[in-house]
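Asks: Okay, predicted coordinates and the sequence, questions at the end:
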Amino acid sequence: MRTPLFILIQAVIAVALYLAMHFFGNDYLFFAGYTVLQFIVLSTAWNILGGYCGYVNFGSAGFFAIGAYTSVCLFTIGQAPEDIFPAAILPAMQAIFPLPVPVIIVIAGIMAGLVGLGTGYLTLRLRGVFFAIATLALAVVLQTLIVNWSFVGGSRGAYVIPANTVPVFGPYIQYLFALMLLLVIVALTSARLIERSRLGVGFATIRDDELAAEACGVPTLKLKLIATVLSGALMGMAGAPFPFYIGYTEPGSVFDLGYAVNTIAMPMIGGTTSWAGPLIGAILLGTLQQVATVTISSAVNLLLVGLLLIGFVIVAPTGIVGLWQSWFGKGAKR
Amino acid sequence: MSEPLLKIEQLGKRFGGFVALDSVDLNVASGERLGLIGPNGSGKSTLVNCICGTLRNEDGKVSFGGAQIDGLIAHERTRLGLARSFQLPRPFHTMTVAENLHVPLIYTVGARSGHHLSAADLDARCMELLALVALDGKARQMPRDLTQVEMRKLELARAVAAEPKLLIADEAMAGLSHSEVEDIVKLLIRLNERGITIIMIEHIMRAVMAFSQRLAVLVSGKKIADGKPDDVIKDKDVVGAYLGT
């Protein structure tokens, strides 16, 4: 299937989903759906480095937080530019701020991508558990910085209250939901393009055997840096609308362990070697968690993740897509 | 005399206090078939790793095609025309046999020529290489489905796919039967006849003697002999190193 057709199919599904939810007329569906979509973007982003290259990143919450706090920062500037900018440039800044959310998402992606590049340079010579610990440390360092940065609210948090309604979309949550649908299309298309490109071949060699990859002429460090930047940027973009979604942003909610655990568990359950894996895993696990939140309690969410992970490690260690491929796909026993 | 293709001068490598390579000098002429032997732990694989950029040498220098390559990382050396096969086969296990060969074709041949090979080009070159090593019937199989000798052939084919000037075959025959060893020796000679200079590291002496035009011996990180194979195996120091006399 060619990429334009793939994008078109996604767009049709996205519009159909939006209209179907609009038809029910219940904003809660948009709130719950937003969370599932957010996890599709996050797990797809994680999978670029973790699944395609085999570098397990425990710092997803850190990249997500960079996106979220870029929004908080830009929103805060937009609230009172006269307190920040000198008089000489104030008129220009007043014309620019407040920035629209799509622009904030792009800036957040750039910020998180740059942090990904820096993190990559510092950590990509590590492998396995050492790399995983280094990424976890990144999230801790970032949280410490945010907690001590009063401009974005520090440990007490910051309010980001958007308008109640947006032209065309109506309630703000419906606008955020539509933006997140767009981000899902961007993330899935990027992942699929990577997977089918020479870059994807290079990523797979890094995952399989880095030493052999270098011996075949693959510039492994360069490719890993590309993966870190892309993965970080997408995570940052997923985090950017979050302050507008939640209204009150504080470090505890943005750096929540649940983000790191879920973004790893979802691709693991869905399968890490294909763009479809994180999508399936995120829909399955994300929806289950939303149902559990409503019917039981949000406290069982991590328990669900744990139980499903144990189940899949035993029954299908390569995830749902891996199981499918072992039956019908490449390398299937015939 | 023309410049050797590979020139190693006073090469030294230590692991902590252990001296793995001690002032090794070695020249390899273009088109040559060199056998490199030595007891276990003599530094053969360390030498290969230093030549290919997997390890950095602390002393001495390595020149390839007249240019010093010490500062280059492994993939840059591969792109210059220096390929290797590994002692234990290291296929890309999530890729088919054919896809394994696509990797050097994309990342070395493609990068060297400055333009991407088309899918048809990739497949054609890949099938040609697989036919060369008699694996053309296994193109769509996964490496896990190959026998030991087929795995070794895949390893060599993948190295040759990078279109090297120099191929280093690191114990490509370990664990193979008599006939399989002969098979690999014939393959290496065929590759040499195509213009590829080859360094063969091996313990199986009948293979080394059948293959090598020149033989070098490493013992405890030092080169103790270098010359015609028939002369080297009679060398007093070489016999002493192997028999402990």
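Replies: Sure thing, it's come through.

Asks: what helices or strands is the host helix or strand of A:Leu29 leaning on?
Replies: Using DSSP states H and E, A:Leu29 falls within helix A:27-50. Other helices and strands packing on helix A:27-50, by 3 or more CB pairs under 8 Å, 6 or more residues apart in numbering or on different chains; DSSP states H and E, are helix A:3-24, helix A:60-79, helix A:172-195, helix A:220-239, helix A:242-246, helix A:257-270, helix A:276-295. C-beta coordinates here come from the backbone N, C-alpha and C atoms, glycine included.

Asks: Quickly check: the helix or strand encompassing A:Glu214 near chain B or not.
Replies: In this structure, A:Glu214 sits in helix A:210-215 according to DSSP H and E. Yes. Helix A:210-215 lies within reach of chain B by CB under 8 Å from any CB of the partner chain, at A:Leu211, A:Ala212, A:Ala213, A:Glu214, A:Ala215.

Asks: Which PyMOL command selects the buried ones in those?
Replies: Burial among these is assessed by 16 or more other CB atoms under 10 Å in any protein chain shown; the matching PyMOL selection reads:
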select buried, chain A and resi 212+213+214+215
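
Asks: max-length helix in chain B?
Replies: What stands out as the longest helix in chain B, according to DSSP state H, is helix B:178-193.

Asks: Helix, strand, or coil at the residue nearest to the spatial centre of chain B?
Replies: The residue lying closest to the centre of chain B (CA atoms, centre = their mean) is B:Ile168, at 1.2 Å. The three-state label given to B:Ile168 by DSSP: H, G, I helix; E, B strand; the rest coil is strand.

Asks: Next: the one 5 residues further on.
Replies: In three-state terms, and counting by three-state DSSP, B:Met173 is coil.

Asks: Who are the contact partners of residue 171?
Replies: Using chain A. Contacts for A:Pro171 (CB atoms under 8 Å, 6 or more residues apart in numbering or on different chains) come out as A:Asp27, A:Phe30, A:Asn164, A:Thr165.

Asks: try again with chain B
Replies: B:Glu171 touches B:Gln87, B:Ile201, B:Glu202, B:His203, counting by CB under 8 Å, 6+ apart.

Asks: Show me what the second one is bridged to.
Replies: With DSSP bridges applied, B:Ile201 shows beta-bridge pairing to B:Leu36, B:Asp170.

Asks: My guess is it contacts B:Ser45. True?
Replies: Yes. Using CB atoms under 8 Å, B:Ile201 is in contact with B:Ser45, at 7.4 Å.

Asks: Neighbour count for these two, which is higher?
Replies: B:Ile201 (25 against 19; other CB atoms under 10 Å in any protein chain shown).

Asks: Distance check, the more buried one against chain A.
Replies: 15 Å (CB to the nearest CB, to the nearest Å).

Asks: residue boundaries of the helices in chain B?
Replies: Under DSSP H, chain B gives helices at B:44-52, B:74-80, B:97-104, B:111-113, B:119-132, B:148-161, B:178-193, B:205-211, B:229-232, B:236-243.

Asks: what's next to the last one, contact-wise?
Replies: Translated: helix B:236-243. B:Gly38, B:Pro39, B:Val217, B:Val219, B:Ile224, B:Ala225, B:Val232, B:Ile233, B:Thr245.

Asks: my read: the second one touches B:Val217, true?
Replies: I take that to be B:Pro39. No. With contact defined as CB under 8 Å, B:Pro39 does not count as touching B:Val217 (9.3 Å).

Asks: Who has more neighbours out of the two?
Replies: Comparing B:Pro39 with B:Val217 by neighbour count (other CB under 10 Å), the higher total belongs to B:Val217, at 24 against 14.

Asks: Now stretch B:63-80 - C-alpha only, PDB.
Replies: Output of stretch B:63-80 as PDB, limited to C-alpha atoms (Å, rounded to 0.1, in the frame of the first residue of the first chain):
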ATOM      1  CA  SER B  63      47.100   1.800   6.700                       C
ATOM      2  CA  PHE B  64      44.700   0.600   4.000                       C
ATOM      3  CA  GLY B  65      45.100   1.400   0.300                       C
ATOM      4  CA  GLY B  66      47.900   3.900   1.300                       C
ATOM      5  CA  ALA B  67      45.700   5.900   3.800                       C
ATOM      6  CA  GLN B  68      46.000   5.700   7.500                       C
ATOM      7  CA  ILE B  69      42.700   4.400   8.900                       C
ATOM      8  CA  ASP B  70      43.300   4.300  12.700                       C
ATOM      9  CA  GLY B  71      40.900   7.100  13.500                       C
ATOM     10  CA  LEU B  72      38.100   5.600  11.400                       C
ATOM     11  CA  ILE B  73      35.200   3.800  12.900                       C
ATOM     12  CA  ALA B  74      34.200   0.300  11.700                       C
ATOM     13  CA  HIS B  75      31.600   1.200   9.100                       C
ATOM     14  CA  GLU B  76      33.900   3.800   7.500                       C
ATOM     15  CA  ARG B  77      36.600   1.100   7.100                       C
ATOM     16  CA  THR B  78      34.000  -1.200   5.600                       C
ATOM     17  CA  ARG B  79      33.100   1.500   3.100                       C
ATOM     18  CA  LEU B  80      36.700   1.900   2.200                       C
END
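
Asks: Let me see the residues that make contact with it.
Replies: Contacts for stretch B:63-80 (CB under 8 Å, 6+ apart): A:211, A:213-221, B:3, B:5-9, B:51-54, B:56-57, B:61-62, B:81-82, B:104, B:107-108, B:111-112, B:162, B:164-166.

Asks: From those residues, list the buried ones, please.
Replies: Judged by 16+ other CB under 10 Å, buried ones among the contacts of stretch B:63-80: A:213-221, B:5-8, B:51-54, B:57, B:62, B:81-82, B:104, B:107-108, B:111, B:162, B:164-166.

Asks: ok, now how distant is B:Ala67 from B:Glu3?
Replies: As defined by CB to CB, to the nearest Å, B:Ala67 lies at a distance of 10 Å from B:Glu3.

Asks: which ones are touching A:Ile133?
Replies: A:Phe58.

Asks: Can you tell me the element it falls in?
Replies: Assigned by DSSP H and E, A:Ile133 falls in helix A:128-147.

Asks: domains of chain B?
Replies: B:1-81+B:166-245, B:89-163 (automatic domain parsing).

Asks: Around chain B, pick out the residues from the stretch 201-334 of chain A.
Replies: So far as CB under 8 Å from any CB goes, the stretch 201-334 of chain A lies against chain B at A:201-202, A:204-205, A:207-209, A:211-221, A:273, A:330-331.

Asks: re the thing from before, got any residues that touch both of B:Ala67 and B:Glu3?
Replies: Counting by CB under 8 Å, 6+ apart, nothing touches both B:Ala67 and B:Glu3.

Asks: Tell me how far B:Ile51 lies from chain A.
Replies: 12 Å.

Asks: Look at the residue lying closest to that residue once chain neighbours are set aside and report its pLDDT.
Replies: Using CB to CB, 6 or more residues apart in numbering or on different chains and skipping residues adjacent in sequence, the residue nearest B:Ile51 is B:Val62, 5.8 Å away. At B:Val62, the pLDDT value in this model is 96.

Asks: Next: A:Leu179.
Replies: 97.

Asks: Please apply the same query to A:Met1.
Replies: Reported pLDDT for A:Met1: 80.

Asks: quick one, what contacts residue 111?
Replies: Looking at chain A here, since you left the chain open. Counting by CB under 8 Å, 6+ apart, A:Met111 has contacts A:Ile66, A:Gly67, A:Thr70, A:Gly236.

Asks: let's do chain B instead
Replies: So B:Ala111 contacts A:Gly217, B:Arg79 (CB under 8 Å, 6+ apart).

Asks: what about it, distance to B:Gly175?
Replies: B:Ala111 is 34 Å from B:Gly175, by CB to CB.

Asks: Over to A:Ile107?
Replies: From A:Ile107 to B:Gly175 the distance is 57 Å (CB to CB).
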